[in-house]
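1. Quick one: sequence plus predicted model below, questions after.
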Amino acid sequence: MTIQQQIERKLRERFTPMVLEVINESSMHSVPAGSETHFKVTVVSSAFEGKTLVGRHRLIYTLLDDEIRGGLHALTITSRTPAEWDKTSDVASSPPCLGGSKAS
């Protein structure tokens with residue numbers, strides 16, 4: 001199972017999201033081809049009701065602790081409740097990589 005598949009499975013099982021998108025953005029960074037080190041996740045779930053943004057992110061980071069310890073380097077998170085998603089489903093674009101050999 002790939003890291004992306006593990007992330008998707010864990011997020012689905014824990015949050016039963018109405019929207020889940022996991023994007024491997026590793027190719028945008030200075031890593032070897034085929035790497036799974038940089039991900040962007042969008043999770044829309046009623047499990048986030050009453051939770052602060054920091055609290056939501058803590059839940060996700062705790063859930064993905066094994067992946068983080070195993071080499072997941074960067075995780076961009078958009079976490080919303082269904083009501084928040086209904087108001088805006090915009091997700092910010094990822095900035096270009098400025099590290100390593102891709103620095104300007």
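-> Yep, that arrived.
2. Every contact and neighbour count from this point should use C-alpha atoms.
-> OK.
3. Look up the closest residue to the most centrally placed residue in the chain, ignoring the ones flanking it.
-> With distances taken as CA atoms, centre = their mean, residue 41 lies nearest the centre of the chain, 2.7 Å away. Using CA to CA, 6 or more residues apart in numbering and skipping residues adjacent in sequence, the residue nearest residue 41 is residue 22, 4.5 Å away.
4. Mind listing what's buried along the helix or strand encompassing the one you found?
-> Assessed by DSSP states H and E, residue 22 sits inside strand 19-24. Neighbour-count burial for strand 19-24 flags 19-20, 22-24 (criterion: 16 or more other CA atoms under 10 Å).
5. Among those, which one lies nearest to residue 62?
-> Taking CA to CA as the measure, residue 62 sits nearest to residue 22 out of the buried residues of strand 19-24, at 16.8 Å.
6. What residues does that closest one make contact with?
-> 4, 7-8, 39-42 (CA atoms under 8 Å, 6 or more residues apart in numbering).
7. ok, now residue 78?
-> 41-43, 91.
8. Quick check: phi and psi at residue 39.
-> Here is the backbone geometry of residue 39 (degrees, to the nearest 10): phi -130, psi 150.
9. what about the longest helix in this protein?
-> helix 3-15 (DSSP state H).
10. Against which helices or strands is that helix packed?
-> Judged by 3 or more CA pairs under 8 Å, 6 or more residues apart in numbering; DSSP states H and E, the packing partners of helix 3-15 are strand 19-24, helix 53-63.
11. Lowest mean pLDDT across the ones you listed, which one is that?
-> Among these, strand 19-24 carries the lowest mean pLDDT, a mean of 93.
12. Please state the offset of it from the chain centre?
-> Distance of strand 19-24 from its chain centroid, counting by CA atoms, centre = their mean, to the nearest Å, is 7 Å.
13. Restricting to C-alpha, output it in CSV.
-> The C-alpha trace of strand 19-24 is given here as CSV (Å, rounded to 0.1, in the frame of the first residue of the first chain):
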residue,chain,number,x,y,z
VAL,A,19,-15.1,15.3,0.9
LEU,A,20,-11.7,13.8,0.9
GLU,A,21,-8.9,14.7,-1.5
VAL,A,22,-5.3,13.6,-1.0
ILE,A,23,-2.8,14.9,-3.5
ASN,A,24,0.8,13.8,-3.7
